[in-house]
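Undergrad: A structural model of the following input is requested.
(2 chains)
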Amino acid sequence: QKEVEQNSGPLSVPEGAIASLNCTYSDRGSQSFFWYRQYSGKSPELIMFIYSNGDKEDGRFTAQLNKASQYVSLLIRDSQPSDSATYLCAVKRTGRRALTFGSGTRLQVQP
Amino acid sequence: DVKVTQSSRYLVKRTGEKVFLECVQDMDHENMFWYRQDPGLGLRLIYFSYDVKMKEKGDIPEGYSVSREKKERFSLILESASTNQTSMYLCASSFMREGGEQFFGPGTRLTVL
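TA: The predicted structure is shown next:
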């Protein structure tokens, strides 16, 4: 079992719709959770992080964390073609300095 | 704004050459990391450093070494480049605090012929 799992996609949504990206992790002791966006040929850029169970909103983005189910998600409201990218889920595990990354989900927003 | 820079965006080397990739950050971060990214395999940690002259192996250290002589600079060394080291190399840095969010440089696309 991979430490951080994401569906590779592509996830295709129409412009204006809500895109829902999901991530599961195996280490129950994981503390912090991050979502990065990576455009083709570019490096990952941090969108959001979440530490506590529940929802965290930032503009059109909402991160959701459920530690009991070991599940973290990212919702993108009013999706735009410019949101088309690969979204990486990353987890900080207890006692580890480095993040563990999933393989990413490719999102395509259709105009 | 955090700024992480890498010495080259694109690099082409021959098999057997010694390759140096350099990374510099300007935010006084304690932690620095080297990853490689390959299609379908995601980001894999090669080495990281939590202080000057301190380093720890990541998940795939074979064929690589690192050097951190100054806090702001972290170098990745390919002792004898091989074709299977053709990849995108990403440097990142972070504060030594609980949050742990990492900031990435622009990446170096290395091709070994």
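
Undergrad: Helix or strand next in line after the lowest-mean-pLDDT helix or strand in chain A, which one?
TA: None of the helices or strands of chain A scores lower by mean pLDDT, DSSP states H and E than strand A:99-101, at a mean of 91. Counting by DSSP states H and E, the next helix or strand C-terminal to strand A:99-101 is strand A:105-110.

Undergrad: Parallel or antiparallel, which strands does that next one pair with?
TA: Using DSSP bridges, the strands paired with strand A:105-110 in its sheet are strand A:11-14 (parallel), strand A:85-92 (antiparallel).

Undergrad: Around chain B, pick out the residues from chain A.
TA: Counting by C-beta under 8 Å from any C-beta of the partner chain, chain A comes close to chain B at A:8, A:31-32, A:34, A:42-46, A:49, A:51, A:88, A:90, A:92, A:97-99, A:101-104. (Each C-beta comes from the backbone N, C-alpha and C, glycine too.)

Undergrad: Kindly give a single ChimeraX line that selects the buried subset of the residues you listed.
TA: Buried subset of the residues of chain A next to chain B, written as a ChimeraX selection, criterion 16 or more other C-beta atoms under 10 Å in any protein chain shown:
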select /A:31,32,34,43,44,46,49,88,90,92,97,98,99,101,102,103,104
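
Undergrad: picking up where we left off before, and the least confident helix or strand of chain A, what does it pack against?
TA: strand A:85-92 (3 or more C-beta pairs under 8 Å, 6 or more residues apart in numbering or on different chains; DSSP states H and E).

Undergrad: Show residues contacting the strand it packs on.
TA: A:3-4, A:6, A:21, A:23, A:25, A:27, A:30-40, A:44, A:47, A:72, A:74, A:99-102, A:104-107, B:42-43, B:99-100, B:102 (C-beta atoms under 8 Å, 6 or more residues apart in numbering or on different chains).

Undergrad: Pull up the pairing partners for the biggest strand by length in chain B, direction included.
TA: In chain B, taking DSSP state E as the definition, the longest strand is strand B:42-51. Strand B:42-51 has the following sheet partners, assigned by DSSP bridges: strand B:31-38 (antiparallel), strand B:54-57 (antiparallel).
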